[in-house]
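Asks: Let's see this in three dimensions:
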Amino acid sequence: MRPDCLHHALYFSHATEEEGQTQQALWDSLEDAFSRIHAAYLESNETKGLGRELVAYVDAHYTEAELSQQDIADAFGISRPVVSRVFKETTQMNFVDYLRKRRVEQACFCFNMGEKNVMEAARKSGYADELTFRRAFMRCVGMTPKDYVKKWNDKTRKE
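Replies: Here you go, the predicted model:
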């Protein structure tokens, strides 16, 4: 073999070895990326399942005036920050906003079914005091509970 051919042969065998290492590094990187994607997918599915369970729990217990994120965390054996994060991911709102919305919806249902006593509707909806209920109701509905009852009664009389 001519000396310059030997030089080219060594160059190509060396280049091929470097290319092989580069290719292996790329495959390792790709495998790592797929592993991370798969782990995120599995975590996402677990979070969605847990999120549905948390929402179902709140829907079943929202009328309990003392319901809190810590109560839920204790019931599920998870931390309060996990409850907060999963709830936000699942409902696109924080726990307090969801609970308020759910309770006010129940109060509106009570009023629509003929309840005229604001404090009674508040209790049935999970509120222990009228002031907190009134603030939550105004925030969600845009009017006081008394105004809502009056408006609902006027509307049903006209029909």
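Asks: Give the other helices and strands that the helix or strand harbouring Asp154 contacts.
Replies: Using DSSP states H and E, Asp154 falls within helix 145-158. Applying 3 or more CB pairs under 8 Å, 6 or more residues apart in numbering; DSSP states H and E, we find helix 145-158 packed against helix 95-112, helix 118-125, helix 130-141. For glycine as for every other residue, the C-beta is placed from the backbone atoms N, C-alpha and C.
Asks: just the CA coordinates of the second one, formatted as PDB?
Replies: Going back to what we said before, that points to helix 118-125. Taking C-alpha atoms only, helix 118-125 is exported to PDB below (Å, rounded to 0.1, in the frame of the first residue of the first chain):
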ATOM      1  CA  VAL A 118     -80.700  34.300  52.000                       C
ATOM      2  CA  MET A 119     -79.000  32.800  55.100                       C
ATOM      3  CA  GLU A 120     -80.700  29.500  54.600                       C
ATOM      4  CA  ALA A 121     -79.500  29.400  51.000                       C
ATOM      5  CA  ALA A 122     -76.000  30.300  52.300                       C
ATOM      6  CA  ARG A 123     -76.000  27.400  54.800                       C
ATOM      7  CA  LYS A 124     -77.200  25.000  52.200                       C
ATOM      8  CA  SER A 125     -74.400  26.100  49.900                       C
END
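Asks: and the direction of that helix versus that of helix 130-141, what angle?
Replies: 80 degrees (axes from the mean of the first three to the mean of the last three CA atoms, to 10 degrees).
Asks: which residues sit against helix 118-125?
Replies: Identification of contacts with helix 118-125 by CB atoms under 8 Å, 6 or more residues apart in numbering yields 62-63, 65, 103-104, 106-107, 110-111, 115, 129-130, 133-134, 145-146, 149.
Asks: Mean neighbour count and distance to Glu53 for the helices and strands packed on helix 145-158 - can I get that in TSV?
Replies: Shown next, in TSV, are these (neighbours: other CB atoms under 10 Å; distance: least, CB to CB, whole Å):
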stretch	mean neighbour count	distance to Glu53
helix 95-112	19	14
helix 118-125	19	23
helix 130-141	17	25
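Asks: Including distance to Ile72 and mean pLDDT, could these go into TSV?
Replies: Formatted as TSV, the helices and strands packed on helix 145-158 follow (distance: least, CB to CB, whole Å; pLDDT from 0 to 100):
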stretch	distance to Ile72	mean pLDDT
helix 95-112	8	96
helix 118-125	18	96
helix 130-141	19	96
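Asks: Same list (these) but as a markdown table, adding distance to Glu89.
Replies: Formatted as a markdown table, the helices and strands packed on helix 145-158 follow (distance: least, CB to CB, whole Å):
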| stretch | distance to Glu89 |
| --- | --- |
| helix 95-112 | 12 |
| helix 118-125 | 26 |
| helix 130-141 | 22 |
